[in-house]
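In: Generate a structure from the sequence data that follows.
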Amino acid sequence: MEADYSLKEKESEKKKKEIKFKDKHYLERKLSKYLPKILEINLIAKELKKNVSLNAKLTYTFKEGIDFSKNDLNNTEDDRTKFKILIQVMNREYGYVFYWEVSKFSNRYYVIKDILERYFETNELPKLTKEEDPFWDPPEPHLIGQSFLKLMSLAYVLDYSCELALVGEKGACGCLNVKVIPTDEKGEKNLSNEMEEKGEYVDDPNELLEKRFDFNIAIENGILPENICTDVYAEYSLNVDGGNKKTFQTNIVRRLFDF
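Out: Residues are numbered from 1 along each chain as shown. Below is the predicted model:
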């Protein structure tokens, strides 16, 4: 039995290395394709007197289907994340940072080159509105960081408070203090406190099966980098209705501590 387990472990490790090699090769080919174009656009921006610079950024998100309540926590970062290339556009004229998918960059690449051709033909810098400027986009939400919250306390109708560490592109980037509260249908009563006062407890979570269950997730406060702590909102996903994922979003707040 031990020999069989060791063989499966080696095969699994070999498969992981193969996938990692393919992913690395794919990213290298992508970068080799876009880096020369990024350099070219930076030179064109200078020619057009635009205070703009572009860089390639390697970002990652957590893969779908990772169960952080089980052994997936023991997986390596490479097992739990997927990488992609984004083009960071530092537009100092408008005071914004934009992130383009490579498909958007490919489209803007040709638009920018057309503007350069017009400049060479007329010897006059084109006068562009925001909407016509290929270096401008309407401000879009940018992912600051991600975290995962276990809801196991709800199986026993218990409220739960914790500090969630947020992980972003460059590692730790802040935290949120979150409270999960089992409630009545109106969301007004804390059922955990009510049951404690009555001396009632849930011994077996199976008692709650096939019954309606309501709860609130409250973000009480948190800490984020100072330069991105305005116009913030949180987005979270839950498995509902037989395992289907549903995403919720809080209101946009001007300051982080207004959550």
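
In: what's the helix or strand for Ser32?
Out: Assessed by DSSP states H and E, Ser32 sits inside helix 2-47.

In: So for that helix, mean pLDDT?
Out: For helix 2-47, the mean pLDDT works out to 74.

In: And for stretch 195-204?
Out: pLDDT averaged over stretch 195-204 gives 88.

In: Quick check: end-to-end length of it?
Out: 15 Å (Cα to Cα, to the nearest Å).

In: ok, now stretch 85-102?
Out: Using Cα to Cα, the two ends of stretch 85-102 sit 7 Å apart.

In: who touches that stretch?
Out: By Cβ atoms under 8 Å, 6 or more residues apart in numbering, the list of residues contacting stretch 85-102 from outside reads 27, 30-31, 34, 38, 50-59, 104-105, 108, 130, 135-137, 139-140, 142. For the C-beta atoms, the positions are set from N, CA and C on the backbone; glycine is no exception.

In: Could you rerun that using 6 Å?
Out: Stretch 85-102 is contacted by residues 30, 51-57, 59, 105, 135, 137, 139 when judged by Cβ atoms under 6 Å, 6 or more residues apart in numbering.

In: nearest residue to Tyr156 other than its sequence neighbours?
Out: Of all residues not flanking Tyr156 in the chain, Val202 sits nearest, at 4.7 Å (Cβ to Cβ, 6 or more residues apart in numbering).

In: Pretty sure the one you found sits in a strand.
Out: No: assigned with DSSP: H, G, I helix; E, B strand; the rest coil, Val202 falls outside any strand and is coil.

In: Counting neighbours, what do you get for it?
Out: As a burial measure, Val202 scores 15 neighbours (other Cβ atoms under 10 Å).

In: quick one: it and Phe215, what's the gap?
Out: 14 Å (Cβ to Cβ, to the nearest Å).

In: Tell me which stretches of the protein form strands.
Out: Secondary structure of the chain (DSSP state E): strands located at 52-62, 81-91, 96-101, 160-168, 171-183, 214-223, 235-240, 244-249.

In: and the nearest residue to Leu151 once chain neighbours are set aside, bridged to which residues?
Out: Counting by Cβ to Cβ, 6+ apart, Val180 is the residue found nearest to Leu151 once chain neighbours are left out, at 6.2 Å. Assessed by DSSP bridges, Val180 has beta-bridge partners Tyr160, Ile217.

In: Hmm, Val180 is touching Cys162, no?
Out: No: the pair Val180 / Cys162 is not scored as a contact, 8.3 Å apart, by Cβ atoms under 6 Å.

In: So for the two, which sits in the more crowded spot?
Out: Between Val180 and Cys162, counted using other Cβ under 10 Å, the more crowded position is Val180 (20 against 15).

In: Quick check, central residue of the chain?
Out: Centroid-nearest residue in the chain: Leu143, 4.6 Å away (criterion: Cα atoms, centre = their mean).

In: and the nearest residue to that one once chain neighbours are set aside, what are its bridge partners?
Out: Spatially, and ignoring its direct neighbours in sequence, Leu143 is nearest to Gly168 (7.3 Å; Cβ to Cβ, 6+ apart). Gly168 has these beta-bridge partners by DSSP bridges: Gly171.

In: Near Gly168, how many other residues are there?
Out: When neighbours are counted by other Cβ under 10 Å, Gly168 comes out with 18.

In: Check Pro126 too.
Out: Counted with other Cβ under 10 Å, the neighbours of Pro126 add up to 13.
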